[in-house]
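**Q** Structure, please.
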Amino acid sequence: MKVLVLGATGYVGGVLVEELQKRGHEVAAVVRPSGDGGKRLPAVRDERHGDLSGEIEVTADIDAIVHTAQLTGDESVDAKVIGGLVASGKRVVYVSGVWVLGRTDGGDEASPVNPVPIVGYRPNIERLVTDGGGIVIRPGVVHGRGGGIPNLYLGIATEQGTGIYVGEGAEVAPYVHVEDLAELIVTAVEKGEPGAVYHGVAEEGVTRRAVAEAAAENAGVEAGARAWPVEQAGAAVGAPFAEALALHQRVSSARTREALGWAPTRPGILSELREGSYTR
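**A** Below you'll find the model as predicted:
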């Protein structure tokens, strides 16, 4: 298949491009033009220039579309872009996230949504995709290859001299390695059911305190971790993001694993922090 990737220069999108090519698919990537007129993605032959806040041209040679890019923050703009992709008649896979579920202690693919403010209108985008026969994938907190939110925990631990978690510490969050997630996305492109929602979750719930302690160990600072009150964290990183970082979520991907045969194999978040791609 020839797959059009939006967000191909991003954290998830970059690994996805690698996985698509590894599995024999041709990639076309929508990117902003480089300042010097050169290619942004040398490994991708078909590089198309576009703005994700405007209309995306979907040519006849495209078989499927994967949207991994961040939303603009303007629902009307994002709905227009996603709506245009769905209307193309191609297979559309939209990468969302489990924060749309809100607080949950066992949410699965069929659970009702109750999004935290930072992803407030994302369920509307999800419905636009699934109602049009597209597929939604909701990753947990993505880690691996030294990227993603875990870098924030490392930076704060280094700055504060110990591990830091937002909330009370006993809250849990679901995690997925970026390479396992890329495999799931490609599998959904290949054989996902129209209108389906899949969860990209390898670890259903790891305590925030444990993650902060692993970050402290990595950073070589005082062992352990202490709380960062949501109000203080909000002043530093923004209230919506701080609320999301304190969210208690235990999320299942059992239905996804059964439906697609997805079996994540990469190291978990604690192992990655202590001895994997985040080690310094």
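
**Q** If we ignore the residues flanking it in sequence, what's nearest the residue of the chain positioned farthest from its centre?
**A** In terms of distance from the mean C-alpha position of the chain, residue 222 ranks first, at 30.5 Å (C-alpha atoms, centre = their mean). Among residues not flanking residue 222 along the chain, residue 162 sits closest, at 4.3 Å (C-beta to C-beta, 6 or more residues apart in numbering). Heads up, the C-betas are built off the backbone N, CA and C, glycines and all.

**Q** ok, the most centrally placed residue in the chain - contacts?
**A** With distances taken as C-alpha atoms, centre = their mean, residue 139 lies nearest the centre of the chain, 5.1 Å away. If you count contacts by C-beta atoms under 8 Å, 6 or more residues apart in numbering, residue 139 has them with 12, 95, 97-98, 176, 181, 199-201.

**Q** before we move on, what about residue 279?
**A** For residue 279, the contact set (C-beta under 8 Å, 6+ apart) comprises 218, 273.

**Q** so it is in which element?
**A** Under the criterion DSSP states H and E, no helix or strand holds residue 279.

**Q** Going forward, the N-terminal residue is numbered 26.
**A** Sure, I'll start numbering at 26, so the last one becomes residue 304.

**Q** pLDDT score assigned to it?
**A** According to the predicted model, the pLDDT of residue 304 comes to 88.

**Q** what's the answer for residue 77, then?
**A** What the model reports as pLDDT for residue 77 is 86.

**Q** pretty sure it is touching residue 97, no?
**A** Yes. Contact between residue 77 and residue 97 holds when scored by C-beta atoms under 8 Å: they sit 7.0 Å apart.

**Q** end-to-end on stretch 214-226?
**A** Across its full length, stretch 214-226 reaches 17 Å between end residues, using C-alpha to C-alpha, to the nearest Å.

**Q** Not counting its own residues, what contacts that stretch?
**A** Identification of contacts with stretch 214-226 by C-beta under 8 Å, 6+ apart yields 26, 28, 45, 48, 50, 89, 91, 116, 118, 123, 133-135, 151, 155-156, 158-165, 199-201, 205-206, 209-210, 213, 276-278, 280-281, 284-285, 287.

**Q** Would you mark the buried spots in that stretch?
**A** Using 16 or more other C-beta atoms under 10 Å as the burial criterion, the residues of stretch 214-226 that qualify are 214, 217, 221-226.

**Q** returning to what we had before: buried only: go through the contacts of stretch 214-226 for me.
**A** When burial is judged by neighbour count using 16+ other C-beta under 10 Å, the buried members of the contacts of stretch 214-226 are 26, 28, 45, 50, 89, 91, 116, 118, 123, 133-134, 151, 155, 159-165, 199-201, 205-206, 209-210, 213, 276-278, 281, 284-285, 287.

**Q** Quick one: mark the members of those that sit in strands.
**A** 28, 89, 91, 116, 118, 160-164, 199-201, 276 (DSSP state E).

**Q** Tabulate the residues you listed (a markdown table), appending distance to residue 81 and pLDDT.
**A** Supplementary listing: these in a markdown table, determined by distance: C-beta to C-beta, whole Å; pLDDT from 0 to 100:
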| residue | distance to residue 81 | pLDDT |
| --- | --- | --- |
| 28 | 14 | 98 |
| 89 | 14 | 98 |
| 91 | 12 | 98 |
| 116 | 15 | 98 |
| 118 | 14 | 98 |
| 160 | 17 | 98 |
| 161 | 18 | 98 |
| 162 | 19 | 98 |
| 163 | 22 | 98 |
| 164 | 22 | 98 |
| 199 | 30 | 98 |
| 200 | 31 | 98 |
| 201 | 26 | 98 |
| 276 | 30 | 98 |
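
**Q** I am finished for the moment; much appreciated.
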